[in-house]
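**Student:** Structure here, sequence nowhere to be found:
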Ligand code: TYM
């Protein structure tokens, strides 16, 4: 079994991109591996400035992950800030990280380009992410395509440290799913909480259905045959369809003579059915918040015991101990 690790920011409700790019992998990988999954509240501090909101978001994501099938008997679920060893390791790593490495990070550059004021937390975000990964000797990091650069930065930082002080950290690898590395949002661009184009996993069915019916499309005439590959509606439908259904939809695209409204309806129905069980489980879990608290506490204890060992290794290697 491999040490698999990944994190999700508590910055809002998780969406289809989070699920099909990342969370689905957490669940698929948890049986055969040693999964460490955490809620990245320290990272969220760079954008969520309201204390009550942050607390609420953390609890919500914990409920979401458990409802979606993350099993605390198989995997370790915890909150990032409950493991202070990670922040300590972060400082050690910061001291060996060249400015240029962080200046090249797209996630940071994008925000600056958009005129969002950047603080040092946002700039050094990838180093904290590297500490997250390295603190648990993680081998595999299941993520969407947008996080691959951050894993590369982590490997760079680990490599520099190992080169300077001798073998200390395990080299992690990103695990990205080919067919859902970059799930499109309601405007056809990458689905992202910061672009306001997301479709949520949980919530009332009716408003979500409305959002689906409003997904942006082109105005090509109905009769015209269309190429399914790369079309955002086809991509979204494919997330939920089995291969037979997908082939049928592809054939319909190539024949032409259909309206995008039909595809949207199919997406709405398929997604409702797909998430129905998770939604029901979430309602049950909401009545049992004590249980969720216990899961997170047990997770933090387990995570700390691993991170403490790795931190000690890094302290000894660098002369702090
Ligand atoms: P976050 O919270 O933005 O996203 C959580 C996961 O969802 C994936 N994802 C997507 N995948 C496919 N299509 C999309 N449209 C899409 N949008 C989001 C992300 O790639 C991610 O895997 N920095 C991380 C959190 C983090 C982390 C870590 C991850 C902190 N430390 C250590 C891995 C390892 C983030 O902001 O994810």
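**Tutor:** Happy to help now that I have it. Just so it is clear, the structure is predicted and the values come from calculations on it, not from any experiment. Numbering: from 1, shown residues only.
**Student:** give the contact list for the closest residue to residue 184 other than its chain neighbours.
**Tutor:** The spatially closest residue to residue 184, leaving aside those adjacent along the chain, is residue 232, at 4.0 Å (CB to CB, 6 or more residues apart in numbering). All C-beta spots, glycine's among them, are computed from the backbone N, C-alpha and C. Applying CB atoms under 8 Å, 6 or more residues apart in numbering, one finds that residue 232 lies in contact with 184, 188, 215.
**Student:** and stretch 14-23, what's its mean pLDDT?
**Tutor:** For stretch 14-23, the mean per-residue pLDDT is 98.
**Student:** just how off-centre is it within its chain?
**Tutor:** Relative to its chain's centre, stretch 14-23 lies at 6 Å (CA atoms, centre = their mean, to the nearest Å).
**Student:** mind listing what's buried in it?
**Tutor:** Going by neighbour count (16 or more other CB atoms under 10 Å), the buried part of stretch 14-23 is 14, 15, 16, 17, 18, 19, 20, 21, 22, 23.
**Student:** If we check the ligand, which of those are in contact?
**Tutor:** 17, 18, 21, 22 (CB under 6 Å from any ligand atom).
**Student:** May I ask which helix or strand encompasses the first one?
**Tutor:** Right, residue 17. Here residue 17 sits within helix 16-18, counting by DSSP states H and E.
**Student:** what element comes up after that helix heading to the C-terminus?
**Tutor:** Past helix 16-18, the next helix or strand by DSSP H and E is helix 24-30.
**Student:** what sits up against the next helix or strand along the chain from that next one?
**Tutor:** Per DSSP H and E, helix 24-30 leads on to strand 34-39 as the next helix or strand towards the C-terminus. With CB under 8 Å, 6+ apart as the test, strand 34-39 has contacts from 1-10, 26, 29, 58, 61-62, 65, 70, 74-80, 83, 132, 136, 138, 299, 303, 306.
**Student:** Pull out the buried residues from these.
**Tutor:** 3-10, 26, 29, 58, 61-62, 65, 70, 74-80, 83, 132, 136, 138, 299, 303, 306.
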